[in-house]
Every structure is written in structure tokens, then in C-alpha cells.
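Undergrad: following is a predicted model, sequence given first.
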Amino acid sequence: MLDWKKRTGKAQAAPAAEPAAAKAPRGYWKTLLLSRAVIGVVVVYLVVAAVLGMYWSREPSLFQVQQNAQLDAQRDGRQMVAGYTTVETLKTVASTLLTKPGGYIANDRFPPGLWLDNMPNWEFGVLVQVRDMSRALRKDFARSQSQSAEDGDLAQAEPRFNFDNRSWMFPSSESEFQRGIDLLDNYEKRLSSPDQKSAFFYARADNLNNWLGDVSTRLGSLSQRLSASVGRVKLNATSKTDTVVEGQPAQLDEEYEETPWLKIDDVFYEARGQAWALSLLLRAVEVDFADVLAKKNAAVSVRQIIRELETAQEPLWSPVVLNGSGYGIFANHSLVMANYLSRANAAVLDLRQLLSQG
């Protein structure tokens, strides 16, 4: 018996193939939708993190130290005494590390803080000046002489600020710094209270001169590190030979120094952080040591230092820290910063000379 196709002479059309999508199992669609959702969440997260990173990288503005101290004294019912402005300014500078947008970023383990580079170096610069001033309070400003006992709260506050600045937990850097701020507040409370005679602040020329010695060392080091952005030959003061032949110059070691390209912005923002904190602390010193500065005719020198440091805080309009040659087409932001800090350091040296005179 012949087949129906042969009998009719017509070939039966084969059934149309189903689309590949229709044959896909149901789990395929779930996986596809899930992967797209994950990609969308990641993209949104990255965009939000990038925007937050730009916002967190904005440097805090300067503030009026005397007005800030007066408002704090009025709020807590305390008296404005010698040293109050300096301690309150130190507290505010240290608190800014914790309360600025994004909080303390140097020890972050997740984006966007993990990606940021400039702000952690700025924070470290501020922290260096906080450490120096807390040490000066402990060993100089709060003691009448070298043989007198140090203040208990200040003795505990200094090591808190010298804690590891990148510790994430157990304990975190923030908790240690906050404890140091609380100890400074205890000292400030006792200092301003007429009923307690256990806290002192001695606004003397020798005490101020000791702290300025640390300031000069910091500024000098920063100037050298900033200048090394274009490379330079460094001469070591140590002679190669143990004995020096009379009538012949000593043989000195020559070493070429140049800041690595990826470290140039790190040094630059650390310098900006130190300049920011130091300008505020000097304005506080200008208030608490006003009598000493007037007697030494040194008020102008302090104001000159502050002006140079505040000028170094001008906004950086370039999206990156440029590293052009000294006389090249492009700017060199490190050399500009080094110029301001070197001039401030020269004024510090003049100020120390005035304070050391009788």
C-alpha cells in the first residue's frame, strides 16, 4: 500500500522548529534575571561609592578658634582661662578627624574609603600635629619645671593619639582617639574650674619655644620631601673616612633623592593636613600667649607664620597633583607647597630667636 504522500503527490511540510528560547529550561530565566539584578546592584553601588568618595575627599574648612572656645565655655559653663583656647582647639582638631564627612577613613576596609588615597594622608598630617601638641601639653605647658609631676589626664591622652592610625578594631583607631579627646576634656574642665587646683597651664616663652622647635623640624622635613618630587642630589654630612686630612676638604657621600611617582600626592596631602592643623593651633597659641608675644615683640612673626600656612590651604583646582619640572610648562604643586612651608619655617626660626632673647 502506497504511502499517503506518494498517493497525493504532495510532501507534507515538516513541523516548524520551536524557538531556542522556548526550549530553555525555566531555571535558565531565573539565573539570567538574577545575574542581571546582581550586575545592576553592583553598578549602582559603584556609582554611589564613587560619589561618596568625592564627597569624603573634601578637606574641612578652617574655623575661628577663639569663637569656638568661647562657645564651648558658654555651653559647658566654664571659665576662659589661659590655655583654654589651646586645649579646646586641639580637641576640635582631633574631633574633626572623626566627625568630618565619612568619618575617619585611614583604617577603612571597604569601599569607598578603601579606594581613597588623598584623605588618609591628609588625616595623618593632622594627626602628626595633634600628637606634637599633646606631647607639648604633657611635658611643657602643664608643668612648672622639669622636676614637677605631669598631669594625669595628659599623661594618658598622649599615648592614645600615638596609637596605630590604621587599626580597624580591637581596638579601633577611632575609639582610642576619642578616649584621648575625652581625657583632654577632663584636663580642660579642671583647668577652668576655680575649685580645683590640680590642673595648670604655664604660658611661658621657654615652653612655647620648645614646641616651636618641633614645629620647625616638621616643616623643614616636609619642605625637603616636597622638593624631592623633581629629584635632587643630597649630601650626607658624615665623612667617608674616619680621619680628615688637614688642608683637604672632607669627602662627602652624594645620594640622589626623588619621590616615587605614586607617592607624590601622598606627601602633598600630608603637608596640607599638617598646615591645616598647625595654622589653627598657632591661632590658639596667639590667644593664650598674647602677653608673652607682646613682651617679645613677636606677634608679627606668629601672624606671618599663620598667613603662610593658610595660603597653603588654597583650593587645588587640578584633578591631580601635577609634577612638572621647576621651570617647565606644567605646574609643580609640590614645589609650590614647599615654598609656603619653607617661608613659614623661616618665620618660626625668627620667632624662636625672639623668644630666646631676654
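TA: Nice, I can see it.
Undergrad: stretch 162-170 spans what distance, first to last residue?
TA: 16 Å (CA to CA, to the nearest Å).
Undergrad: neighbouring contacts of that stretch?
TA: If you take CB atoms under 8 Å, 6 or more residues apart in numbering as the criterion, stretch 162-170 is touched by 106, 107, 109, 123, 124, 127, 131, 171, 173, 176, 177. Where you see a C-beta, it was placed from the backbone N, CA and C, and this is true even at glycine.
Undergrad: show the average pLDDT along that stretch.
TA: For stretch 162-170, the mean pLDDT works out to 93.
Undergrad: roughly how far out does that stretch sit from the chain middle?
TA: Remark: stretch 162-170 is offset 15 Å from the chain centroid, using CA atoms, centre = their mean, to the nearest Å.
Undergrad: picking up where we left off before, narrow the contacts of stretch 162-170 to just the buried residues.
TA: Among the contacts of stretch 162-170, those classed as buried by neighbour count (16 or more other CB atoms under 10 Å) are 106, 107, 123, 124, 127, 131, 173, 176, 177.
Undergrad: quick one: distance of the strand or helix carrying residue 177 to the chain centre.
TA: In this assignment (DSSP states H and E), residue 177 forms part of helix 173-192. Relative to the chain's own centre, helix 173-192 is displaced by 20 Å; criterion: CA atoms, centre = their mean.
Undergrad: so what's residue 283 up against?
TA: Residue 283 neighbours (CB under 8 Å, 6+ apart): 65, 66, 89, 306.
Undergrad: ChimeraX command for the buried members of these?
TA: A single ChimeraX command suffices to select whichever of those are buried according to 16+ other CB under 10 Å:
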select :65,89,306
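Undergrad: following the helix or strand residue 31 falls within, which helix or strand comes up?
TA: Per DSSP H and E, residue 31 falls inside helix 26-56. Remark: after helix 26-56, the chain's next helix or strand is helix 65-76, criterion DSSP H and E.
Undergrad: which strands and helices sit next to the helix or strand that that following helix is followed by?
TA: On the C-terminal side of helix 65-76, the closest following helix or strand by DSSP H and E is helix 84-99. Here helix 84-99 touches helix 65-76, helix 118-136, helix 173-192, helix 264-288, going by 3 or more CB pairs under 8 Å, 6 or more residues apart in numbering; DSSP states H and E.
Undergrad: out of these, nearest to residue 149?
TA: Checking the helices and strands packed on helix 84-99 against residue 149 by CB to CB gives helix 173-192 as the closest, at 13.8 Å.
Undergrad: tell me which two of the contacts of stretch 162-170 sit farthest apart.
TA: By the measure CB to CB, 109 and 131 form the most distant pair in the contacts of stretch 162-170, at 23.9 Å.
Undergrad: picking that back up, ok and the helix holding residue 31 relative to helix 118-136, angle-wise?
TA: Angle, helix 26-56 to helix 118-136, by axes from the mean of the first three to the mean of the last three CA atoms, to 10 degrees: 50 degrees.
Undergrad: identify each buried residue in helix 26-56, please.
TA: 49, 52, 53, 56.
Undergrad: what's the answer for stretch 168-186, then?
TA: Using 16+ other CB under 10 Å as the test for burial, stretch 168-186 gives 173, 174, 176, 177, 178, 179, 180, 181, 183, 184, 185, 186.
Undergrad: redo those residues as JSON lines? Include distance to residue 356 and pLDDT.
TA: Converted to JSON lines, these look like this (distance: CB to CB, whole Å; pLDDT from 0 to 100):
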{"residue": "173", "distance to residue 356": "37", "pLDDT": "96"}
{"residue": "174", "distance to residue 356": "40", "pLDDT": "96"}
{"residue": "176", "distance to residue 356": "36", "pLDDT": "97"}
{"residue": "177", "distance to residue 356": "34", "pLDDT": "97"}
{"residue": "178", "distance to residue 356": "37", "pLDDT": "97"}
{"residue": "179", "distance to residue 356": "36", "pLDDT": "97"}
{"residue": "180", "distance to residue 356": "31", "pLDDT": "97"}
{"residue": "181", "distance to residue 356": "33", "pLDDT": "97"}
{"residue": "183", "distance to residue 356": "32", "pLDDT": "97"}
{"residue": "184", "distance to residue 356": "29", "pLDDT": "97"}
{"residue": "185", "distance to residue 356": "33", "pLDDT": "96"}
{"residue": "186", "distance to residue 356": "33", "pLDDT": "96"}
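Undergrad: of the residues you listed, closest to residue 328?
TA: Nearest to residue 328, judged by CB to CB, of the buried residues of stretch 168-186 is residue 173 at 39.6 Å.
Undergrad: how much space between the closest one and residue 46?
TA: Residue 173 sits 26 Å away from residue 46, going by CB to CB, to the nearest Å.
Undergrad: before we move on, what about residue 198?
TA: According to CB to CB, residue 198 stands 54 Å off from residue 46.
Undergrad: in JSON lines: the helices and strands packed on helix 84-99, plus distance to residue 337.
TA: As requested, the helices and strands packed on helix 84-99 are exported to JSON lines (distance: least, CB to CB, whole Å):
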{"stretch": "helix 65-76", "distance to residue 337": "23"}
{"stretch": "helix 118-136", "distance to residue 337": "11"}
{"stretch": "helix 173-192", "distance to residue 337": "26"}
{"stretch": "helix 264-288", "distance to residue 337": "5"}
